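In: Starting from these lines, generate the structure:
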Amino acid sequence: MTLRFSVLASGSTGNAFYIETAQERILVDAGLSGKKLDGLFAGVDIDPSKITKVLVTHEHSDHIKGLGIIARKYNLPIYANEKTWKAMEPALGKLTVDQKFHFGMEETKTFGDLDIESFGVSHDAADPMFYTFHHEGKKVALVTDLGYVSERIKKTVEGADAYIFESNHDVDMLRMGRYPWNVKRRILGDSGHVSNEDCALALTDLITDKTKRIYLAHLSQDNNMKDLARMSVDNVLKERGFETGSRIELHDTDPNAPTPLYVVN
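Out: Sure, this is the predicted structure:
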C-alpha cells in the first residue's frame with residue numbers, strides 16, 4: 001500500500017487527521033467525542049482498533065476532546081512532547097504507562113515504513129507542534145494552528161506532495177464579526193491563526209512541481225466560508241503563476257465530515 005490519508009474533521013469545533021501506509025495507521029489529534037470519531041472512521045471505512053499510534057499537536061480541546069476515550073477503548077499509544085503531556089494529561093483521564101510516549105519538538109521518528117518529522121509552530125498553547133510524513137519519496141505536510149508561517153517552518157514543509165494547510169479566517173469578516181476585540185486580537189496575532197490570504201502567500205513559497213493537492217483546513221465557522229477561502233487562495237496562487245484546477249487541486253475540509261481517503265502518488 002502507498003501513502004493514504006483523510007482529513008477526518010477540521011475546524012474550531014474539532015480536529016482529527018488520519019494517515020496510513022502498509023505498516024502504520026496514524027491518527028493525529030482526536031478533538032471530537034468518541035462517538036463522533038467512530039462515525040468519522042466509519043465514513044472512510046477505517047477500523048479504529050487497527051490504529052497503531054496517536055500523535056498530538058497541542059492540548060487545546062478541539063484537538064484532544066476524545067483522546068482519552070478512544071485511547072482507552074482501543075488501547076492506543078499516544079505520542080506528544082513533554083510540555084503538551086503536562087498540559088493535557090489532567091483532561092485525558094486514566095491511561096496506562098504503556099500508552100504514554102514522548103515525541104520531541106524538531107525530532108524525526110521512524111515508525112515502520114513511515115518517517116515523521118515534528119516542527120514547532122507559533123500558537124497559544126504549551127508547546128505546539130505539527131508534522132510532516134515521509135514515505136518512499138512522498139511527503140505530506142500538516143500545518144494548522146499557527147499565527148504565522150516562519151522561514152524555519154517553510155524550510156521544513158516545502159515541496160510536499162500534499163498540504164493540509166490552515167486557512168482560518170477572512171480578515172474583513174473577522175474584524176466586522178461578533179467576537180470581542182480581545183478574541184479578534186488573539187486570532188490576528190502571531191500566536192493565533194493564519195488567514196486565507198496569508199495561507200495563500202505562504203503556499204506560493206512552498207509549492208513545487210511535486211505538489212498535487214492542497215486541503216484548506218481549520219476554517220472558522222464564524223469568520224470564513226469554504227467558497228470564500230477557496231476563491232481567496234485560488235486567486236493569489238493564480239496571480240503568482242500556479243496552475244490550480246489542473247495541476248494543483250484545492251480541496252475543502254469540514255468539521256463534521258471526512259475527506260475521501262486520498263492516495264498520494
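In: Can you tell me the centre-most residue of the protein?
Out: L142 (4.4 Å; CA atoms, centre = their mean).
In: Report the contact partners of that residue.
Out: F17, V28, T57, F130, Y131, T132, F133, I164 (CB atoms under 8 Å, 6 or more residues apart in numbering). C-beta coordinates here come from the backbone N, C-alpha and C atoms, glycine included.
In: repeat that for 7 Å
Out: L142 makes contact with F17, V28, F130, Y131, I164, according to CB atoms under 7 Å, 6 or more residues apart in numbering.
In: cool, and F41?
Out: P48.
In: What strand or helix carries it?
Out: Element membership for F41, per DSSP states H and E: helix 34-43.
In: and what of I70?
Out: Assigning secondary structure by DSSP H and E places I70 in helix 67-74.
In: circling back: what is the residue nearest to the centre of the chain paired to in the beta sheet?
Out: Note on L142: beta-bridge partners by DSSP bridges are Y131, I164.
In: Could you list the buried residues of the biggest helix by length in the chain?
Out: Taking DSSP state H as the criterion, the chain has its longest helix at helix 226-239. Neighbour counts using 16 or more other CB atoms under 10 Å place L228, A229, R230, S232, V233, D234, V236, L237 of helix 226-239 among the buried residues.
In: Could I get the contacting residues of P90?
Out: So P90 contacts nothing (CB under 7 Å, 6+ apart).
In: so it sits in a helix?
Out: Yes: the assignment for P90, made by DSSP: H, G, I helix; E, B strand; the rest coil, places it in a helix.
In: Relative to E59, how far out is it?
Out: Distance from P90 to E59, counting by CB to CB, to the nearest Å: 10 Å.
In: Ok, L92 next?
Out: As for L92, its distance to E59 is 10 Å (criterion: CB to CB).
In: And K155, by the same measure?
Out: Here K155 is placed at a distance of 26 Å from E59 (CB to CB).
In: the more surrounded of these two?
Out: When neighbours are counted by other CB atoms under 10 Å, K155 and E59 differ, and E59 comes out ahead with 23 against 12.
In: got the CA positions of the host helix or strand of T110 in CSV?
Out: Element membership for T110, per DSSP H and E: strand 108-111. Provided in CSV are the C-alpha atoms of strand 108-111 (Å, rounded to 0.1, in the frame of the first residue of the first chain):
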residue,chain,number,x,y,z
THR,A,108,12.2,12.8,13.4
LYS,A,109,10.9,9.3,14.3
THR,A,110,10.7,6.3,12.1
PHE,A,111,7.7,4.1,12.7
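In: That one pairs with which strands?
Out: strand 114-120 (antiparallel).
In: Could you tell me which residues within the partner strand count as buried?
Out: With burial defined by 16+ other CB under 10 Å, the residues of strand 114-120 counted as buried are L114, I116, E117, S118, F119, G120.
In: out of those, who's nearest T108?
Out: Taking CB to CB as the measure, T108 lies nearest E117 of these, at 4.5 Å.
In: quick one: that closest one and T110 touch, right?
Out: No: checked against CB atoms under 7 Å, the pair E117 and T110 is beyond contact range at 10.2 Å.
In: coming back round to it: what pairs with the very next helix or strand once past the helix holding F41, parallel or antiparallel?
Out: Proceeding N to C from helix 34-43, the next assigned helix or strand is strand 53-55, under DSSP H and E. Strand pairing for strand 53-55, using DSSP bridges, gives strand 25-28 (parallel), strand 78-80 (parallel).
In: Using a markdown table, lay out those together with distance to A257, mean neighbour count and mean pLDDT.
Out: Listed next are the strands paired with strand 53-55 as a markdown table, based on distance: least, CB to CB, whole Å; neighbours: other CB atoms under 10 Å; pLDDT from 0 to 100:
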| stretch | distance to A257 | mean neighbour count | mean pLDDT |
| --- | --- | --- | --- |
| strand 25-28 | 17 | 24 | 98 |
| strand 78-80 | 25 | 25 | 98 |
